[in-house]
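K.L.:
Okay, predicted coordinates and the sequence, questions at the end:
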Amino acid sequence: MNQISPLAAILESDTFSPIDRHFAELMQKLSGDDSPELVLAAALVSLRLAEGHSCFSLDEFAGKTFPDLGAEKISPLKFPPRGEWEKLLRATSVVGQPGEDKPLILDGAGRLYLHRYWRYERFVAEEILKRSQQPPFALDAKLVAASLKKLFPDTAEKMNWQKVAAFAAVRQRFSVITGGPGTGKTWTVARLLALLLEQPSGENLRVKLAAPTGKAAARLQEALSHAVAGLACSEAVKMRLQAKDLTTTIHRLLGVIPNSTKFRHDARNPLPVDVVVVDEASMVSLALMAKLLAALKPDARLVLVGDQNQLPPVDAGNALGDLCRAAAINGFSKEFQGDYELCGGEALVENKISANKHLADTVIQLQTNHRSGEMVSLNEIGVVVNSGNADAAINLLRKPAAPALAWEPLPTASSLKAALRDAVVTHFGAVLKSASPAAALAALAKFRILCAVREGAFGTENINRLAEEILAEAGLVASDKINSGSYAGKPLMVTANNYALKFFNGDTGVAWPDGGGASLIYFSDEAGGIRAVARERLPEHEAVFALTIHKSQGSEFDHVLIVLPDKASPVLTRQLFYTGLTRARKSVRILASETILRAAIATPMRRMSGLTEALRPTAL
């Protein structure tokens with residue numbers, strides 16, 4: 001009987017997926033090199049990419065044994081020190097230097113990339129730096145000053161960062177507006193667009209607002225409509241900002257080509273747009289950011305808007321986070337400071353000179369939270385979680401119960417249904433009792449259960465099942481309707497893209513019988529209306545009383561119930577918990593043990609990437 005080799009045993013273990021194994025075997029076949037140093041490195045590049053990293057760092061395992069499987073009966077292999085490992089890899093035909101046309105690229109910092117992702121990362125860095133270093137637009141200082149004074153009235157704040165952010169977006173081709181919930185990012189976007197449209201030839205500017213998902217685009221349209229209502233500008237400008245075709249998804253903006261990873265708009269066919277504002281930019285993957293930058297005209301303005309502290313994209317990369325780390329946040333050149341003083345009528349209080357001259361004037365962080373009243377506790381918990389201060393977070397959660405924030409110990413698996421019952425009956429009962437699909441969608445948008453994981457007693461799959469049991473026990477839906485999978489008000493989420501029908505992963509709707517025995521599924525559209533599709537035509541979908549925090553990105557709900565698991569998990573990170581907290585507009589209730597809460601807050605999520613370094617002066 002032939003014994004399996006240690007290398008083959010490791011590749012066949014649960015550590016690697018079939019795709020990882022296939023890629024490693026392909027690199028082995030192409031190179032004729034069956035050494036563990038190459039084969040495992042290739043498998044690890046594929047594995048890390050699936051985990052969201054744009055590369056694999058040799059430092060992770062250089063000089064160490066792999067894998068550390070504990071009780072598993074697999075003999076580990078020891079990797080050589082990094083320098084020796086690099087030499088072995090560079091000696092193969094499939095590993096190249098940056099710029100070479102090889103399947104794998106190994107850079108000078110020991111980062112190993114799939115060639116495509118090295119190219120994405122380099123292109124994003126080059127395009128951002130190119131746009132950031134272009135001379136500012138010529139502006140009519142008096143007209144800009146008048147608009148700024150009208151749109152951003154004086155406040156008691158030491159520095160009006162919303163005003164600074166709007167000025168930066170008008171002055172230059174590339175800028176970033178970041179900040180937590182309640183800091184007024186959309187409010188600022190509405191005013192910077194009004195400012196642009198009021199400038200000479202502003203009536204001819206072609207403007208688009210885009211978001212990574214359909215639900216984020218719909219929420220952006222809604223938030224923008226509220227922000228526009230109080231604008232001190234002409235009715236003509238307000239009408240343009242309330243146009244139903246102003247907001248879209250990034251994919252639809254670029255032009256999806258079915259069954260292709262390419263888009264209709266690219267460097268050869270650029271977008272016919274002068275200003276692109278991307279909301280929820282933390283959700284934009286490295287690949288999508290590269291394709292968006294490639295499709296922009298050289299003189300177009302690009303404004304990225306988002307919270308750098310939220311979860312990074314599901315797909316590989318963390319472009320917004322890497323960019324914010326590379327830039328000096330709220331750091332400005334002397335030229336910018338002079339221009340702002342001329343147009344803004346005030347000096348930049350901190351007078352901070354950016355240490356990264358290549359990204360000076362680029363990233364503006366909004367620092368004042370404009371929420372008040374009962375929302376203050378939500379603001380406070382977000383800040384301390386963001387800082388990684390578990391003690392301060394626990395102390396806040398232990399304060400006497402407030403309407404906006406409540407923490408309860410995680411119930412046992414057997415008592416979880418009882419702990420969920422009141423919230424499910426109250427909030428989802430309102431959905432099922434709605435008089436119309438539109439009313440059901442509105443009720444559904446007010447509450448959601450958010451989980452860290454899909455599987456297990458405290459994951460979405462089990463909680464979705466418990467929610468239906470609770471509704472049946474409360475007499476809100478018949479058991480046979482649950483078994484058939486369709487009843488009025490059942491919330492459903494699309495889990496696979498269908499470009500032909502224009503449905504995308506994460507789109508959420510409600511089932512509603514048409515009276516003739518058929519069940520239609522209704523969805524909100526980006527224009528503020530609703531659309532229906534027969535359930536038989538709907539792409540892959542599932543119940544969504546509960547969804548993962550990852551899937552909730554781009555959405556907000558009045559009330560949120562966060563359920564964390566009873567055991568440690570790699571997905572339990574500070575960014576995950578922060579993202580869950582910041583989905584709530586009015587209140588959040590948390591079911592979690594103190595041990596798990598502390599572990600999540602103390603564990604930052606890290607994405608391996610070379611983008612931050614590429615955006616810094618030392619990398620140029």
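P.N.:
Good, I have the coordinates. The structure displayed is predicted, hence computed values, not measured ones.
K.L.:
isn't residue 403 right up against residue 587?
P.N.:
Yes: because the distance of 6.0 Å satisfies CB atoms under 8 Å, residue 403 is recorded as touching residue 587. Any C-beta I mention is one placed from the backbone N, CA and C, and that applies to glycine too.
K.L.:
More neighbours: which of those two?
P.N.:
Neighbours were counted for residue 403 and for residue 587 using other CB atoms under 10 Å; residue 587 has more, 20 against 11.
K.L.:
three-state assignment of that one?
P.N.:
Residue 587 carries the three-state label strand when classified by DSSP: H, G, I helix; E, B strand; the rest coil.
K.L.:
And residue 440, by the same measure?
P.N.:
Under the three-state scheme (three-state DSSP), residue 440 adopts helix.
K.L.:
and it, what does it touch?
P.N.:
By CB atoms under 8 Å, 6 or more residues apart in numbering, residue 440 lies in contact with 431, 432, 434, 488, 489, 510, 512, 522.
K.L.:
just residue 43 next, same as before
P.N.:
Taking CB under 8 Å, 6+ apart, one finds 11, 16, 20, 21, 23, 24 in contact with residue 43.
K.L.:
Doesn't it lie inside a strand?
P.N.:
No: under three-state DSSP, residue 43 sits outside any strand and is assigned helix.
K.L.:
Quick check: chain neighbours aside, which residue is closest to it?
P.N.:
With CB to CB, 6 or more residues apart in numbering as the measure, residue 24 is the residue that lies nearest to residue 43, at 3.9 Å, once sequence neighbours are left out.
K.L.:
and what of residue 584?
P.N.:
Leaving out its chain neighbours, the residue that sits closest to residue 584 by CB to CB, 6+ apart is residue 560, at 4.1 Å.
K.L.:
now the one you found, what's its secondary structure?
P.N.:
Note that with three-state DSSP, the state of residue 560 is strand.
K.L.:
count of residues packed around it?
P.N.:
A count of nearby residues for residue 560, using other CB under 10 Å, gives 25.
K.L.:
now do residue 482
P.N.:
Each residue near residue 482 was counted by other CB under 10 Å, and the total is 17.
K.L.:
is it true that it touches residue 466?
P.N.:
No: contact criterion CB under 8 Å: residue 482 and residue 466 do not qualify, at 11.9 Å.
K.L.:
Need the max-distance pair from the contacts of residue 440.
P.N.:
Distances among the contacts of residue 440 were taken as CB to CB; the most separated pair is 432 and 522, at 13.9 Å.
K.L.:
Name the nearest residue to residue 326, sequence neighbours excluded.
P.N.:
In space, residue 326 is closest to residue 615, 3.6 Å off (CB to CB, 6+ apart).
K.L.:
didn't that neighbour look like it was pressed against residue 363?
P.N.:
No: using CB under 8 Å, residue 615 and residue 363 do not qualify as a contacting pair, with a distance of 10.7 Å.
K.L.:
who touches both of these two?
P.N.:
Common contacts of residue 615 and residue 363, defined by CB under 8 Å, 6+ apart, comprise 323, 327.
K.L.:
what bits of this structure have low per-residue confidence?
P.N.:
Low-confidence segments of the chain, defined by pLDDT under 70: 1-4, 68-73, 156, 349-356, 369-377, 400-402, 484-485, 515-518, 526-528, 617-620.
K.L.:
At the geometric centre of it, which residue sits there?
P.N.:
The residue lying closest to the centre of the chain (CA atoms, centre = their mean) is residue 283, at 2.2 Å.
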